[in-house]
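Enquirer: coordinates only, sequence not included:
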């Protein structure tokens, strides 16, 4: 899932070809575009969902923030091709981008 709303994918994050990033991901892996994920301070945000095998292994989605360079996008593609969450270990380089999202307002009620 790729966040593309008020901050992610906008001119607020400079020096990134957002369309090229989205196109690259779409060329390699299934992609859903999301409205704001409420973590604008981490723009650009990409959430990698586990595959069926990953879910069976107990994996949860991995949130990656500040994904603002081509190398990070390529590292994500490589990891997803290797199996992603629950199947392939999170590469050390992507661990630098991983963060725990805050609880959403609706969940805290």
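Expert: On my side now, so go ahead. All values reported here derive from a predicted model rather than from experimental measurement.

Enquirer: From the chain's centroid, how far away is the host helix or strand of residue 74?
Expert: Residue 74 is part of helix 70-82, with elements assigned from DSSP states H and E. Centroid separation between helix 70-82 and its chain, computed with Cα atoms, centre = their mean, to the nearest Å, is 10 Å.

Enquirer: same check, this time on stretch 44-53
Expert: Taking mean C-alpha positions (Cα atoms, centre = their mean), stretch 44-53 and its chain are 6 Å apart.

Enquirer: need the contact list for the residue nearest the centre of the chain.
Expert: Centrality entry for the chain: nearest residue to the mean C-alpha point is residue 46, 1.7 Å, by Cα atoms, centre = their mean. Residues near residue 46 by Cβ atoms under 8 Å, 6 or more residues apart in numbering: 1-3, 25, 63-64, 67, 76. Every C-beta, even on glycine, is put in place using the N, C-alpha and C of the backbone.

Enquirer: do the same with residue 4
Expert: 18, 22, 33-35.

Enquirer: Which helix or strand lies directly C-terminal to the helix holding residue 74?
Expert: helix 92-95.
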